[in-house]
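Visitor: just coords:
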């Protein structure tokens, strides 16, 4: 069992070492990948610096066609702060005077990497810039991607972006909440409502008006992305086949169709309810009605109360009838500023009567109430099916005068600018590495150069497994039970399989050496006579032709063994009659020795007699007496 446990421990050590080596290879592989991406960006004019992990940061550079990129690593150019006010808002907070800064992350910093940070609390923020090239919705996908880090968590506020619609009168200095946009995308949270917005403004082909179409809520729990203070990557993929995908950290959290998964739907229904249609006055929607033919029974008494006094109740012994339940507080004192003319006569506050605490009750005893068995309540006629039931009324359907069919809602209004128009009750919301393109490979490579480094640094700076387990248990105390069971199970198995087994009585008896006992001269003489009888029997067995050849040779071999055993037993025998109590034990030992092939181990163990006993044994042998009793018994049993 110790051997099995050693193999188990060795297996655990091997698995642990292999796992650690795999993790190291993954980190080294990530470093190699980062360095490969950096080689493609060596021509960029950036401020290089080396982190404590040996990671060399270089500003991401797009590897294909893009419509817009922004890393905030250099001088903030092209971004314009709004100078207008928010409409329909109190003048004290209507102005977009929230402050923006370009700075590094507070935690998991990648030296040389900076981002745009929302700094003010309870203020409106608005900043925007033009795209490098306007995006037109024709036959190419739209991919919008950027990073967000809620460095201080988030109480109430958003981190979404707006892609502003192209127009001749677009002025970014007057960018505010009513500025026309084509797409709004990104995280938003207030209270316990965690959202990931995807909204697009759809133009009605009949009226020319715009309506907001909201994507259905993701089925994924988004809470951790708002509270873990890590940088997360948000991606929107809008395809020409009128489908969309929303991703967080390159994992799809929601997808659907612009025609089927937007609220309200892009296309209105073909028919609508006639607003002029009204329900007739005689329309009966009641599926059940009281039975008009039912009659109240004569013995139905509606005046019986539901509760009556319990006449069988008896006042408990010791009930204090003369003691009130509450008495004035004897320790209370009238306040010094009490004015009896203004406040009236002062009375001490009431407290429970201390005498009632040890008694069954105080005050006037009243019989308790019980349910009245005669109570039936007010009589009502039983319900029956309504013979005049006509069903639930609904207006008739008419063709929708506003119906239209847009079979390709992907063809939205072109966009030429990007903006952040936000309100937040928490500061230090970090934005970085914006990109708008049409190729997913370009966006993925861009993410590897930026967000990939942040993720690598954050992973390297994470606390050890033990700290994470303790933190998790603080949030979920029931995990302590799981930890204890997880630790107790291997310990219990180890004790069960590795603890030395307790020796049983059978094992002790099996290993106990045989104890030699002396044989008297009378018994030796009797054994010799019995041995002579056995020799006669052996001669008769030789003449028997039916006995197999092995059995014919057996008496001869046994005879020699008997002689040897006889001599040994005579030498070991004691003349004392007091020591003859152990004859039976020696007989049984000799029987086992001869039956197993004449083993001599049992014989050697009996050589414990004294020299005097040895001499007496020799005399007994010379006089013709021998210890043959046990030999005879063995021979008879074998025959």
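Guide: Right, received. Where do you want to start? What you see is a predicted model; the values in this text were computed from it and never measured.

Visitor: Rounded mean pLDDT for stretch 94-108, please.
Guide: For stretch 94-108, mean pLDDT is 91.

Visitor: which residues sit against that stretch?
Guide: Stretch 94-108 is contacted from outside by 72, 76, 81-87, 110-111, 113-120, 123-127, 149, 151, 176, 229-231, 421-422, 428, 430, 454, 457-458, 461, using C-beta atoms under 8 Å, 6 or more residues apart in numbering. Quick note: C-beta positions are derived from backbone N, CA and C, even for glycine.

Visitor: For that stretch, buried residues please.
Guide: Within stretch 94-108, the residues that count as buried by 16 or more other C-beta atoms under 10 Å are 95-96, 98, 100, 102, 105, 108.

Visitor: Look at that stretch and report the distance between its end residues.
Guide: 35 Å (C-alpha to C-alpha, to the nearest Å).

Visitor: Check stretch 279-290 too.
Guide: 23 Å.

Visitor: now the buried residues of stretch 94-108 as JSON lines including secondary structure and distance to residue 189?
Guide: Putting the buried residues of stretch 94-108 into JSON lines (DSSP: H, G, I helix; E, B strand; the rest coil; distance: C-beta to C-beta, whole Å) gives the following:
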{"residue": "95", "secondary structure": "strand", "distance to residue 189": "24"}
{"residue": "96", "secondary structure": "coil", "distance to residue 189": "21"}
{"residue": "98", "secondary structure": "coil", "distance to residue 189": "17"}
{"residue": "100", "secondary structure": "strand", "distance to residue 189": "20"}
{"residue": "102", "secondary structure": "strand", "distance to residue 189": "24"}
{"residue": "105", "secondary structure": "coil", "distance to residue 189": "20"}
{"residue": "108", "secondary structure": "coil", "distance to residue 189": "21"}
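
Visitor: and which of those residues is nearest residue 412?
Guide: Distances from residue 412 to the buried residues of stretch 94-108, taken as C-beta to C-beta, are shortest for residue 96 (26.2 Å).

Visitor: State the distance from that closest one to residue 199.
Guide: 21 Å (C-beta to C-beta, to the nearest Å).

Visitor: just residue 284 next, same as before
Guide: 45 Å.

Visitor: With neighbour numbers in mind, choose between the two.
Guide: residue 199 (17 against 14; other C-beta atoms under 10 Å).

Visitor: Which strand residues bridge the more buried one?
Guide: Beta bridges link residue 199 to residue 184, residue 214, judged by DSSP bridges.

Visitor: Next up, the contacts around it.
Guide: Residues near residue 199 by C-beta under 8 Å, 6+ apart: 183-185, 212-215.

Visitor: how about a markdown table for the residues you listed, with distance to residue 143 and neighbour count added?
Guide: Formatted as a markdown table, the contacts of residue 199 follow (distance: C-beta to C-beta, whole Å; neighbours: other C-beta atoms under 10 Å):
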| residue | distance to residue 143 | neighbour count |
| --- | --- | --- |
| 183 | 12 | 25 |
| 184 | 16 | 19 |
| 185 | 11 | 23 |
| 212 | 22 | 13 |
| 213 | 19 | 18 |
| 214 | 20 | 15 |
| 215 | 16 | 21 |
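
Visitor: Out of those residues, the closest to residue 288 would be?
Guide: Lowest distance from residue 288 to the contacts of residue 199 (C-beta to C-beta) belongs to residue 214, with 41.4 Å.

Visitor: so where is the stretch 451-600 of the chain shaky, pLDDT-wise?
Guide: Applying pLDDT under 70 to the stretch 451-600 of the chain flags the ranges 463-468, 471-472, 475, 499-600.

Visitor: Who does residue 68 form a beta bridge with?
Guide: Assigned bridge partners for residue 68, using DSSP bridges, are residue 436.

Visitor: Helices of the stretch 51-200 of the chain, start to end?
Guide: Along the stretch 51-200 of the chain, counting by DSSP state H, counting those that start in this stretch, helices occupy 91-94.

Visitor: how about the strands of it, start to end?
Guide: With strands called from DSSP state E, counting those that start in this stretch, the stretch 51-200 of the chain shows them at 56-57, 66-70, 80-81, 100-103, 115-118, 123-135, 142-150, 156-158, 161-165, 181-190, 193-203.

Visitor: helices or strands next to the longest one in the packing?
Guide: In terms of contact count using 3 or more C-beta pairs under 8 Å, 6 or more residues apart in numbering; DSSP states H and E, strand 123-135 is assigned the packing partners strand 66-70, strand 80-81, helix 91-94, strand 415-424.

Visitor: which residues does residue 262 bridge with?
Guide: What pairs with residue 262, by the bridge criterion (DSSP bridges), is residue 215.

Visitor: Now for it: which residues touch it?
Guide: 213-216, 256.

Visitor: Distance to residue 191 added to the residues you listed, as CSV?
Guide: Listed next are the contacts of residue 262 as CSV, based on distance: C-beta to C-beta, whole Å:
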residue, distance to residue 191
213, 24
214, 19
215, 21
216, 20
256, 26
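
Visitor: on that earlier part again, and residue 243, which of the helices and strands packed on strand 123-135 is closest to it?
Guide: strand 415-424 (19.0 Å).

Visitor: average pLDDT across that closest one?
Guide: 95.

Visitor: Against which helices or strands is it packed?
Guide: Going by 3+ C-beta pairs under 8 Å, 6+ apart, strand 415-424 lies up against strand 115-118, strand 123-135, strand 156-158, strand 161-165, strand 181-190, strand 429-437.

Visitor: Any idea which of those gets closest to residue 63?
Guide: strand 429-437 (9.8 Å).

Visitor: ok so, going back, kindly indicate which of the contacts of residue 262 lies nearest residue 263.
Guide: residue 214 (5.1 Å).

Visitor: Read off the pLDDT value for that closest one.
Guide: pLDDT, residue 214: 96.

Visitor: Please apply the same query to residue 121.
Guide: For residue 121, the model assigns a pLDDT of 92.

Visitor: what's the nearest residue to it if we skip its chain neighbours?
Guide: Once flanking residues are discounted, residue 121 sits nearest to residue 427: 5.1 Å by C-beta to C-beta, 6 or more residues apart in numbering.

Visitor: which residues touch that neighbour?
Guide: Counting by C-beta under 8 Å, 6+ apart, residue 427 makes contact with 118-121, 152.

Visitor: Just send the strands of the stretch 51-200 of the chain back as CSV, with distance to residue 243 too.
Guide: As requested, the strands of the stretch 51-200 of the chain are exported to CSV (distance: least, C-beta to C-beta, whole Å):
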stretch, distance to residue 243
strand 56-57, 36
strand 66-70, 20
strand 80-81, 34
strand 100-103, 35
strand 115-118, 31
strand 123-135, 18
strand 142-150, 12
strand 156-158, 25
strand 161-165, 18
strand 181-190, 15
strand 193-203, 12
